[in-house]
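> Starting from these lines, generate the structure:
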Amino acid sequence: MVSSRSTIIIAGALFVSPLAVAAFRTPSSSGAVHPPTSGRCRLNASVLSDSLDADGQQLRSGGNANANDIISRAVEHHSQAKTNGVNGVVAVEGHTNGVDIEFEKHQLQQQMQAPSQRQKKKQQHQRDNINKSRKNNKAMAEPDFLRKRTETLLRMTKDSDSSSDNLSTNKGAGTLKVEKNTFDWLIDAWSYSGEDDAVDNALSLLSRMEELRDQNTISPSVSPDVKSYTKAINAIARSGRSDAGEQAEVLLERMILDAGTYRNLRPNTFTYTYVIDAHSRSASSKSPHAAQRLIEEMERLRAEGDPEVRPTTRAWNSVIAAWAQWKGEEMAWGRIGSGADRAEACLGIMEELANTTGNEEVRPNTYNYNSVISALANSWDHGAPSRAEKILEQMETLHRTSGDDNVKPRTATFNAIIDAWAKSGEPDAADRAELLLAHMMELYQTGHNLDAKPNVRSFNSVLNAWAKSGQDVAPERACEVLTQMEELDASSELEVSPDATSFATTINAFARSKAFGKAQSAHDLFLHMKELHDTSGKSTLRPNNVVYNSVLNACAFSVGDIKEQAQAMEIASALLVELQKSPYGNKPDQVTYGTYMKVINNQMPVSEARDKVVDTVFQKCAKDGMVGEMVLRQLREMGMEEACESLVGKTMWGRAINISDLPRELTCNVIEGKRMEDGNHSMDVEKLKVWEEVYMHMRIQIIEMAWIIST
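Residues are numbered from 1 along each chain as shown. The predicted structure follows:
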């Protein structure tokens, strides 16, 4: 029977714990950010009791209320309370001054290099685990070897041979023995292999173990146990399949069913943790609810005295990760619910369970706090950065008062909150982000927290906050942060040498501003970056397409007189020619062409010269297979869709041309959010002539503008 006390804690904490996170931190006059005096988030028993509704009463009386319904109503209650209790303006990012939304989208995709930063971090973590495991499992060093070993073992134990008297646990091919350890060894290797067929091979091995056990033709030592099943579930969890959670639960249920016959199949803590992990990594909208249900099942088994199962911070972290990617429930009137709210509520549940059950293995640690902070940072919920800071304050207070390093805020903690401010769009976001960076610097330099050492990502997130702030001082403040990075690196005080992202983000601060001469300022930054790269040889400073495109974007949104427009056109044209013969191996991509078209659209008056330039550039874009949505959109805005129609070979009769209307050869190299592979950097004579023609048209237009100015 479910422990009523444990269930009340889990349900009630979802009501109460999130209500404690509502206030902004107030910087002191000195600029330092001081943590509050409050400690961990603890639930008062009377408040908890008062917060429970009829579902809670039913639980106390031994009823069976639906846990998911309780959680849903709890979060609704919290969301309403948060709406009433937190003042502020909901920032909606839209088409702001000096910003092309399509460009911003593509730039963000390019900076993320296809996967998001969060996905890249998860993938890198998985690769690190794979490399670590490969050191201990020789079969993983070479997938072909692993595949061959698996095929050999399955062939040796197939039905036609398994009944013969010649097969024994000591028989093998070479060093391969038909025994349980061999099967477990290979299943574990597949779990960490990263191969597409890893799950299929792991399950084939497990299925063969079951067959051999049921046929009883081989020594019982080949029979699968909890360890074998848990390794197979781990393979499913790491596969990234959309149905990973459901598939993992099928194995779990089979273990529970068969445990009556084979006692060595009783699931343990690791088994449940890997199943929850599978749910947290799958794309199903039901996964968070399943993960929550399983962690509650673990608590029930612990309360009933099962010595093999007890919730841990590791298992809870997977539950938090599952809720973090939950987008709410789809209703007829829209989506309701917040995954970040529920992830945050998990901290209160964990704390209360640790206090009331004595299970210290569920007391939140730094990783749990960081996971919730990351959930808030990626949620776009109103007030999320302030709530994330509140969690940081709790961590700092607890570490300061208890000395417990398990809750010490680290660099990743601060970076996630800075990133939350950068994404928030709130009026004071950039100032708050820079205050946090200053707080990190102070903690590290004074020795109070050496694990809060700022890194390049810390500074880049602050730069991003300034770039998106829309403040008049944004370019100046971004340049100050960039200069600070150079000075700290030069003095060896911190290893925070600016990289390509640092410069691209600072350039974007100019592009989004109303500053006069932004094209020249952006170009000067670009030249400074090239100089640093050439003198230092640092690969992180190698100009990439993101940097080139950022300068083009600044040119596209330059404001001022005709002279300013002419300068922006000249810089953009020179960059486009340079990019085609770049010594860094870059080539114009769909964003480059689309942004350059935007430069023409914004900075050149309608004229025959402009039409010739557009036609020439579009022909080159089409030849490169780079006709993306940005290019088509600019052609539409300039009223030059006939250029596309001539390539398509038919008239669209007033209908806008879409990517799907174009021949494949015009779009074959469009890779959204992904850097183009380096190719042959040399230019043939035909290409050189094309770009000379483009530049000649630019020079003609610039001369015409200069003549207008003089007259």
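
> Which helix or strand in this protein has the lowest average pLDDT?
For the chain, using mean pLDDT, DSSP states H and E, the weakest element among its helices and strands is helix 45-51, scoring a mean of 28.

> Return the distance of Ala433 relative to Met255.
Between Ala433 and Met255 the distance, using Cβ to Cβ, to the nearest Å, works out to 48 Å. (Glycine included, C-beta is placed from N, CA and C.)

> Could you check which of the two has the larger neighbour count?
Set side by side, Ala433 and Met255 show unequal neighbour counts under other Cβ atoms under 10 Å, the larger going to Ala433 at 27 against 23.

> In contact with the more buried one, which residues?
Under the criterion of Cβ atoms under 8 Å, 6 or more residues apart in numbering, the neighbours of Ala433 are Ile418, Trp421, Ala422, Ser461, Val462, Ala465, Trp466.

> Tell me the spacing between it and Lys518.
Spatial separation of Ala433 from Lys518 under the definition Cβ to Cβ is 22 Å.

> same question, Pro583
26 Å.

> And for Pro588?
Counting by Cβ to Cβ, the gap from Pro588 to Lys518 is 22 Å.

> So those two - more neighbours on which side?
A side-by-side neighbour count of Pro588 and Lys518, using other Cβ under 10 Å, places Lys518 first with 27 against 24.

> Does that one touch Phe510 like I think?
Yes: taking contacts as Cβ atoms under 8 Å, Lys518 lies within contact range of Phe510: 4.4 Å.

> anything in contact with each of those two?
Here Lys518 and Phe510 have Pro475, Ala554 as joint contacts, going by Cβ under 8 Å, 6+ apart.

> Give me the mean pLDDT for whichever helix or strand Ala343 is part of.
When secondary structure is defined using DSSP states H and E, the element that contains Ala343 is helix 339-357. When pLDDT is averaged over helix 339-357, the result is 94.

> same question, stretch 670-677
The average of the pLDDT scores along stretch 670-677 is 51.

> next one: stretch 440-451
Across stretch 440-451, pLDDT averages out at 95.

> Which positions in it come out as buried?
Within stretch 440-451, the residues that qualify as buried by neighbour count (16 or more other Cβ atoms under 10 Å) are Met440, Met441, Leu443, Tyr444, Asn449, Asp451.

> now the second one: how far from Ile236?
Taking Cβ to Cβ as the criterion, Met441 is separated from Ile236 by 44 Å.

> Next: the first one.
With the distance defined as Cβ to Cβ, Met440 ends up 39 Å from Ile236.

> contact partners of stretch 451-466?
If you take Cβ under 8 Å, 6+ apart as the criterion, stretch 451-466 is touched by 408-411, 413-415, 418-419, 421-422, 429-430, 432-434, 437, 440-441, 443-444, 474, 477-478, 481-482, 484-485, 494-499, 501-502, 505-506, 509.

> at 6 Å what do you get?
The set of residues that contact stretch 451-466 without belonging to it, under Cβ atoms under 6 Å, 6 or more residues apart in numbering, is 408, 410-411, 415, 418-419, 421-422, 429-430, 433-434, 437, 440, 443-444, 474, 477-478, 481, 485, 496, 499, 501-502, 505-506, 509.
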